[in-house]
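Engineer: my questions concern the predicted model and sequence given below.
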Amino acid sequence: MSDGSETGITTVKQNVCVIPDLTIKDLLSAIPAHCFKRSALRSSLYVVYDLVVISGLYKSATYLDTFISPEHISLPHPLLYPAARFSLWAGYTFWTGLFATGLWVIAHECGHQAFSESKLINNGVGWVLHSALGVPYHSWRISHAKHHASTGHMTQDQVFVPKTRSQLGLPAFDPTKEDILGSSVSDDVMKELKEALGDSPIGATIGAATYLLGGFPAYLIRNASGQKRYPKGTNHYNPGAVIFAPHQRESVILSDIGIVLWLAGITGSIYAYGFWTVFRVYLVPYLWVNHWLVLITFLQHTDPLLPHYRASEFTFPRGALATMDRNLLGGCGSIMGWIGAHATHGISETHVLHHVSSKIPHYNAWDAADALRKRLDQAGLQLQGAPGGWGEVYRVFKECKFVEDEGNIIFYKNASGLAATRPAFTDGSASDSGIEVDKI
């Protein structure tokens with residue numbers, strides 16, 4: 001997005017997003033048949049592998065910890081011993097959190113029935129794994145299925161739903177001073193918007209950090225970043241919440257039982273081993289898992305290049321393709337990029353494919369994603385984003401502030417009221433509430 005300006009007006013050259021008219025048959029037919037095969041044995045081996053890695057990390061940390069003392073190593077200052085111990089356990093929590101996110105991903109696959117051919121095995125394994133990570137398995141499975149059915153839908157999607165201009169209490173849109181598609185805005189409107197949104201590097205940093213650490217629990221407990229039309233107090237623990245149908249009540253209660261057992265396990269462990277032991281061995285890695293989950297999913301669904309739809313323009317294929325693949329930790333170099341993808345089973349790297357067909361297990365998703373990308377290339381769709389990491393979260397957090405109340409295909413605008421992207425259609429059959437858009 002490049003800037004140009006006239007007196008009192010800022011104009012930008014926007015990217016063009018091709019709005020797809022592909023059918024689900026077009027997309028699924030591009031995927032090789034073997035990719036749809038699910039194996040309980042193969043999936044279980046990945047669970048075992050993740051647990052072995054995490055156990056190895058714990059054993060390594062506890063073993064090395066015994067050597068951090070004057071009896072074993074000589075350091076030039078006494079304070080370097082606690083600093084070394086802190087660094088050791090900080091490294092443990094980071095890597096454990098990353099590989100435990102892999103377990104989270106497998107539990108998530110259970111919710112999609114991608115773990116095996118057996119629904120009983122899928123839900124049993126998923127309930128155990130997600131409960132152990134503080135997630136109400138069935139409750140989240142239900143809302144997540146709705147998210148997949150309506151990804152990018154402004155009134156039906158369940159999470160990462162953009163706030164509109166009016167919901168944020170911003171100055172009303174003025175067609176004499178700004179373009180509805182966000183290609184130009186007057187200086188006085190830009191100033192008003194920046195003041196109202198409080199745009200600053202420090203604010204963006206604090207906002208992004210808070211989002212990464214507390215975003216997922218906040219979503220479960222109070223529907224933070226969730227569907228705006230849901231009533232206040234909506235959460236994933238109430239069987240009567242609007243998220244759930246009456247026949248799903250028992251599943252939600254079973255999920256709540258899992259959370260009660262999880263809390264009891266943490267409490268009992270603190271009583272038996274002490275708070276600080278539980279804190280460094282489990283609670284900090286748990287926070288890392290939540291951090292990675294929010295970072296990965298936020299960047300998959302939020303970017304100035306991705307469209308959101310209102311009802312008249314939404315289709316399932318359009319929603320599935322309103323997502324983005326990213327290489328987790330790829331910005332830290334190829335080795336870290338490989339580790340990030342490997343530890344989290346490619347959930348960030350094959351996400352578009354996952355939205356096209358969520359029953360494909362992660363070990364087949366790589367081949368399926370490669371095949372799907374070839375079909376999307378033919379349709380002029382490039383859905384590969386920048387590598388996933390903290391810098392990208394900061395950039396997206398600053399660039400994606402609000403969407404307009406008008407229009408059926410909309411893109412995020414930044415704090416200046418400018419949008420990086422505008423829609424384009426492959427034919428003249430689609431519309432955007434009478435707003436003139438590009439056709440290609």
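Structural biologist: Nice, thanks for sending it over. Because the structure is a prediction, the values reported are computed rather than measured.
Engineer: need the residues that contact stretch 202-221.
Structural biologist: Identification of contacts with stretch 202-221 by C-beta atoms under 8 Å, 6 or more residues apart in numbering yields 134-136, 139-140, 159, 224-226, 235-237, 287, 290-291, 293-295, 298, 390, 393-394, 397-398. (Glycine included, C-beta is placed from N, CA and C.)
Engineer: only whichever of the residues you listed are buried, select them in PyMOL.
Structural biologist: Buried residues among the contacts of stretch 202-221 (16 or more other C-beta atoms under 10 Å), as a PyMOL selection:
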select buried, resi 134+135+136+139+140+159+225+226+235+236+287+290+291+293+294+295+298+393+394+397+398
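Engineer: quick one, helices of the stretch 101-250 of the chain?
Structural biologist: For the stretch 101-250 of the chain, the helices defined by DSSP state H, counting those that start in this stretch cover 119-132, 137-149, 187-197, 201-222, 249-273.
Engineer: and the angle for the second one with helix 201-222?
Structural biologist: With axes from the mean of the first three to the mean of the last three C-alpha atoms, to 10 degrees defining the directions, helix 137-149 sits at 120 degrees from helix 201-222.
Engineer: what's the spatially most central residue of the chain sitting at in phi/psi?
Structural biologist: Centroid-nearest residue in the chain, with C-alpha atoms, centre = their mean: Thr297, separated by 0.7 Å. Backbone torsions of Thr297, given as degrees, to the nearest 10, read phi -70, psi -40.
Engineer: how about the strands in this structure?
Structural biologist: 2-6, 9-13, 15-19, 184-186, 308-309, 409-410, 421-425, 438-439 (DSSP state E).
Engineer: I'd like to know which of the ones you listed is closest to Thr155.
Structural biologist: Closest approach to Thr155 among these is made by strand 308-309 (9.8 Å; C-beta to C-beta).
Engineer: output the contacting helices and strands for the closest one.
Structural biologist: Helices and strands touching strand 308-309, as assessed by 3 or more C-beta pairs under 8 Å, 6 or more residues apart in numbering; DSSP states H and E, comprise strand 409-410.
Engineer: same thing but at 10 Å, please
Structural biologist: Here strand 308-309 touches helix 316-320, strand 409-410, going by 3 or more C-beta pairs under 10 Å, 6 or more residues apart in numbering; DSSP states H and E.
Engineer: highest mean neighbour count out of those?
Structural biologist: strand 409-410 (a mean of 26; mean count of other C-beta atoms under 10 Å).
Engineer: that one packs against which elements?
Structural biologist: Using 3+ C-beta pairs under 10 Å, 6+ apart as the test, strand 409-410 ends up in contact with strand 308-309, strand 421-425.
Engineer: returning to that earlier point: my guess is the residue nearest to the centre of the chain contacts His355. True?
Structural biologist: No - contact between Thr297 and His355 fails when scored by C-beta atoms under 10 Å: they sit 11.6 Å apart.
Engineer: now do the shared contacts for those two.
Structural biologist: Common contacts of Thr297 and His355 (C-beta atoms under 10 Å, 6 or more residues apart in numbering): His147, Thr323.
Engineer: how far away is the nearest residue to Ile347 once chain neighbours are set aside from Val12?
Structural biologist: Using C-beta to C-beta, 6 or more residues apart in numbering and skipping the chain neighbours, the partner closest in space to Ile347 is Val105 (4.7 Å). Computed as C-beta to C-beta, to the nearest Å, the Val105 to Val12 distance reads 37 Å.
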